[in-house]
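Visitor: Generate coordinates for the sequence data below:
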Amino acid sequence: MPNRLPMPPAEPLPNTPEFTVSELSQSLKRTVEDTYGHVRVRGEISGFRGAHSSGHCYFALKDESAKIEAVIWKGVHGRMRFKPQEGLEVIATGKLTTYPGSSKYQIVIEALEPAGIGALMALMEERKKKLAAEGLFDEARKQLLPWLPEVIGVVTSPTGAVIRDILHRLEDRFPRHVLVWPVKVQGEGSAEQLAAAIRGFNALPEGGRIPRPDVLIVARGGGSLEDLWSFNEEIVVRAAAESMIPLISAVGHETDITLIDFVADKRAPTPTAAAEMAVPVRSELFVEVADLGRRTHAYWMRAQESRRNELRAAARALPSAGDLLAIPRQRLDSAGGALPRGLKANTHAHFRRFTAASAKLTLRVLHGQIAQAGHRLTVSGERLGLSARALLRQRRDRFAGLEVRLRASKLSNAQAQRNAIARQRERTQRLSERAGRALLTLLQRLDARVENSGKLLSALSYRGVLARGFALVRDEAGHPLHSADSVGPNARIAIEFADGRVGATADADRPAPVAKRAQPKAAAQETKPALRRVAKPVDQGSLF
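Guide: Predicted coordinates for the structure are as follows:
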């Protein structure tokens with residue numbers, strides 16, 4: 001190998017402190033979070049594919065020349081009224097932080113809102129296309145409104161002018177029973193309340209304590225697109241589509257369009273117009289009913305007169321009663337004249353048949369029939385005797401075979417029982433031996449545990465400490481004393497040594513004991529860590 005040139009010596013580095021990668025990452029993380037603890041960023045959502053399996057959302061915010069990673073934690077995403085969607089321009093509020101695992105920074109979003117009316121309109125159009133593709137806006141699935149509902153359900157704010165307008169209009173046209181479900185019509189949580197109200201009215205049973213409405217009115221006054229956004233939420237639109245009760249949408253003014261208008265069975269330009277759609281005008285109904293009554297009475301009178309004329313014409317066309325009964329009366333007279341001759345001829349015919357039958361019944365015929373019956377009886381008796389003897393022989397042979405089989409089965413069963421008893425006796429003996437060995441092992445283990453417990457008790461007993469030269473001091477009541485401040489002048493104390501106790505008296509010039517103020521229990525729990533308490537023997541005090 002060719003000779004290598006010698007390497008020049010390394011130049012000494014300046015006295016610069018060294019950082020580990022983790023230390024440097026944590027330092028950068030603290031710097032970024034302290035400097036950008038609260039920021040608002042405007043950008044377009046990119047790379048959003050819905051919530052992760054963990055519930056967190058990961059995507060990016062970008063503009064024409066830059067991009068920043070973003071994350072929304074699971075709890076924050078569940079509370080958001082406005083959900084992120086791919087390609088939507090939004091204003092995100094949160095804080096910047098770093099992710100040490102890949103050495104990049106990201107924004108943790110705490111609030112999200114659309115960037116202006118254009119973004120809301122784009123989101124509304126996209127949601128409209130999605131729901132239309134599912135068939136929620138089809139005319140075929142819309143229901144007809146009842147002509148005169150008994151109960152009307154209204155979903156709106158109970159404090160606004162909308163409910164007063166609806167009630168006033170219903171009172172003018174046709175008073176009906178009205179059920180109001182109070183909800184918020186804008187702001188956070190309003191969409192969930194609107195959907196719950198629609199589903200709640202549909203969940204009422206028919207014939208229950210609370211009457212089930214025949215028609216629903218979802219109403220709200222006019223406002224901006226942001227104010228009416230709750231009626232564009234997917235949860236409200238799906239609840240309206242699932243409603244089995246016909247639903248009228250009366251949201252905003254005539255120029256305001258929301259997604260619930262497309263899925264409702266009927267759209268009203270104003271809440272007042274919704275009340276007009278729900279019921280007819282009672283006064284007009286009275287006039288119409290009176291007119292129909294007059295027309296019905298006139299038609300009935302004309303029909304009665306027409307039927308009366310038809311009856312008169314039919315009566316003139318019918319023949320008299322005598323003409324109708326003449327021919328049947330003549331047939332009856334003819335049949336009555338022929339009846340006596342028919343009775344006599346019938347009697348003579350029956351008499352001739354009786355005479356012919358009696359001529360055949362002679363004494364010789366009866367004797368022949370009796371002889372034939374006796375012969376048949378004799379033959380049947382002989383056949384019955386033969387059959388009985390044959391059946392008796394068959395039964396005797398069968399019983400003999402069964403006796404032989406029963407005797408053999410009895411012997412084999414007895415032998416099987418003796419073998420089973422022998423096997424059970426051997427098994428019982430083996431189990432008895434195993435139980436004896438197990439009992440002996442258990443007793444040995446228990447003896448070892450008792451011996452270990454005794455050693456542990458001796459090791460933990462305070463008397464072992466006393467044997468090493470320490471002493472236990474008690475007051476007159478026998479309570480252990482932990483400090484000298486708790487001993488007053490001339491106090492009687494007992495000092496316990498390893499080999500006995502000794503009484504003593506404290507100095508007369510000692511200061512009086514000072515009562516220690518008890519610390520609050522909560523403070524003691526906060527300052528001291530949770531320790532596992534070990535049970536102490538009875539009468540064991542402090543040794544120090």
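
Visitor: quick one: average confidence on stretch 132-145?
Guide: Mean pLDDT, stretch 132-145: 89.

Visitor: My error: substitute stretch 502-512 in the last question.
Guide: Mean predicted confidence for stretch 502-512 is 80.

Visitor: Likewise for stretch 189-198?
Guide: 91.

Visitor: send the alpha carbons of that stretch over as PDB?
Guide: This file holds the C-alpha atoms of stretch 189-198, laid out as PDB (Å, rounded to 0.1, in the frame of the first residue of the first chain):
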ATOM      1  CA  GLY A 189     -74.800  24.200  20.300                       C
ATOM      2  CA  SER A 190     -77.700  25.500  18.400                       C
ATOM      3  CA  ALA A 191     -77.500  22.900  15.600                       C
ATOM      4  CA  GLU A 192     -77.600  20.000  18.100                       C
ATOM      5  CA  GLN A 193     -80.600  21.600  19.800                       C
ATOM      6  CA  LEU A 194     -82.500  22.000  16.500                       C
ATOM      7  CA  ALA A 195     -81.800  18.400  15.500                       C
ATOM      8  CA  ALA A 196     -82.800  17.100  19.000                       C
ATOM      9  CA  ALA A 197     -86.100  19.100  18.800                       C
ATOM     10  CA  ILE A 198     -87.000  17.600  15.400                       C
END
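
Visitor: next one: it to chain centre, how far?
Guide: 19 Å (Cα atoms, centre = their mean, to the nearest Å).

Visitor: just checking, residue 201 touches residue 155?
Guide: Yes. Assessed by Cβ atoms under 8 Å, residue 201 is found in contact with residue 155 at 7.5 Å. Just so you know, the C-beta spots here come from the backbone N, C-alpha and C atoms, and that holds for glycine as well.

Visitor: what is in contact with the two at once?
Guide: Shared contacts of residue 201 and residue 155 (Cβ atoms under 8 Å, 6 or more residues apart in numbering): 181, 216.

Visitor: between those two, which one's more packed in?
Guide: residue 155 (26 against 22; other Cβ atoms under 10 Å).

Visitor: So what's the gap between the helix or strand that one falls within and the chain middle?
Guide: Assigned by DSSP states H and E, residue 155 falls within strand 151-156. Remark: strand 151-156 is offset 27 Å from the chain centroid, using Cα atoms, centre = their mean.

Visitor: Enumerate every residue touching residue 161.
Guide: Residue 161 touches residue 221, counting by Cβ under 8 Å, 6+ apart.

Visitor: quick one: strands adjacent to the strand holding residue 155?
Guide: Strand 151-156 sits in its sheet next to strand 177-182 (parallel), strand 215-220 (parallel), going by DSSP bridges.

Visitor: ok, and which of the ones you listed has the densest surroundings?
Guide: Mean neighbours per residue, mean count of other Cβ atoms under 10 Å, is largest over the strands paired with strand 151-156 for strand 215-220, with a mean of 27.

Visitor: Helices of the stretch 1-150 of the chain, residue ranges please.
Guide: 21-35, 74-79, 117-133 (DSSP state H, counting those that start in this stretch).

Visitor: right, so of those helices, which gets closest to residue 315?
Guide: helix 117-133 (70.8 Å; Cβ to Cβ).

Visitor: List the contacts of that closest one.
Guide: Against helix 117-133 from outside (Cβ under 8 Å, 6+ apart): 85, 88-90, 114, 137, 225-226, 229, 232, 234, 237, 259, 262-263.

Visitor: My guess is residue 76 contacts residue 93. True?
Guide: No. Taking contacts as Cβ under 8 Å, residue 76 lies outside contact range of residue 93: 10.8 Å.

Visitor: hey, what's in contact with both of those two?
Guide: Joint contacts of residue 76 and residue 93 (Cβ under 8 Å, 6+ apart) are 109-110.

Visitor: quick one on the thing from earlier: for the strands paired with strand 151-156, which one sits closest to residue 190?
Guide: Set against residue 190 and scored by Cβ to Cβ, the strands paired with strand 151-156 come closest in strand 215-220, at 9.6 Å.

Visitor: pLDDT on that closest one, on average?
Guide: On average, strand 215-220 scores 93.

Visitor: Give me the contacts around that strand.
Guide: Residues contacting strand 215-220 (Cβ under 8 Å, 6+ apart): 145-146, 149, 152-157, 160, 162-163, 166, 185-186, 194, 198, 201, 228, 231, 240, 243, 245-252, 260, 264, 268, 271, 274-275, 278.

Visitor: from those, which ones fall inside helices?
Guide: 162-163, 166, 194, 198, 201, 240, 260, 271, 274-275, 278 (DSSP state H).

Visitor: Now do the same for residue 173: its pLDDT.
Guide: 90.

Visitor: ugh, wrong one, residue 93
Guide: pLDDT, residue 93: 91.

Visitor: any idea how far it is from residue 125?
Guide: Residue 93 is 25 Å from residue 125, where distance means Cβ to Cβ, to the nearest Å.

Visitor: Could you do residue 19 as well?
Guide: Residue 19 sits at a distance of 52 Å from residue 125 (criterion: Cβ to Cβ).

Visitor: now residue 367
Guide: From residue 367 to residue 125 the distance is 118 Å (Cβ to Cβ).

Visitor: And for residue 432?
Guide: Taken as Cβ to Cβ, the span from residue 432 to residue 125 is 87 Å.

Visitor: Closest to residue 497 out of the ones in helices among the contacts of strand 215-220?
Guide: residue 194 (84.1 Å).

Visitor: if I pick that closest one, what's in contact with it?
Guide: Per Cβ under 8 Å, 6+ apart, neighbours of residue 194: 155, 183, 185, 218, 230-231, 233, 236, 239.

Visitor: 6 Å instead?
Guide: 183, 236 (Cβ atoms under 6 Å, 6 or more residues apart in numbering).

Visitor: and residue 441, that's in a strand?
Guide: No. Using DSSP: H, G, I helix; E, B strand; the rest coil, the assignment for residue 441 is helix, not a strand.

Visitor: and it, how many neighbours?
Guide: 10.

Visitor: now do the one 10 residues further on
Guide: Residue crowding around residue 451 was assessed by other Cβ under 10 Å; the count is 10.

Visitor: With the one 10 residues further on instead?
Guide: Taking other Cβ under 10 Å as the criterion, the count of residues near residue 461 is 14.

Visitor: so which of the helices of the stretch 1-150 of the chain gets nearest residue 324?
Guide: helix 117-133 (77.5 Å).

Visitor: what comes up buried for that closest one?
Guide: By 16 or more other Cβ atoms under 10 Å, the buried positions in helix 117-133 come out as 119-120, 123-124, 127-128, 131.

Visitor: any chance of the residues you listed in TSV, plus distance to residue 448?
Guide: Listed next are the buried residues of helix 117-133 as TSV, based on distance: Cβ to Cβ, whole Å:
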residue	distance to residue 448
119	78
120	79
123	76
124	80
127	75
128	80
131	76
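
Visitor: Take the ones in helices among the contacts of strand 215-220 and lay them out in CSV including distance to residue 295.
Guide: Formatted as CSV, the ones in helices among the contacts of strand 215-220 follow (distance: Cβ to Cβ, whole Å):
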residue, distance to residue 295
162, 41
163, 40
166, 35
194, 47
198, 43
201, 40
240, 42
260, 43
271, 37
274, 33
275, 31
278, 28
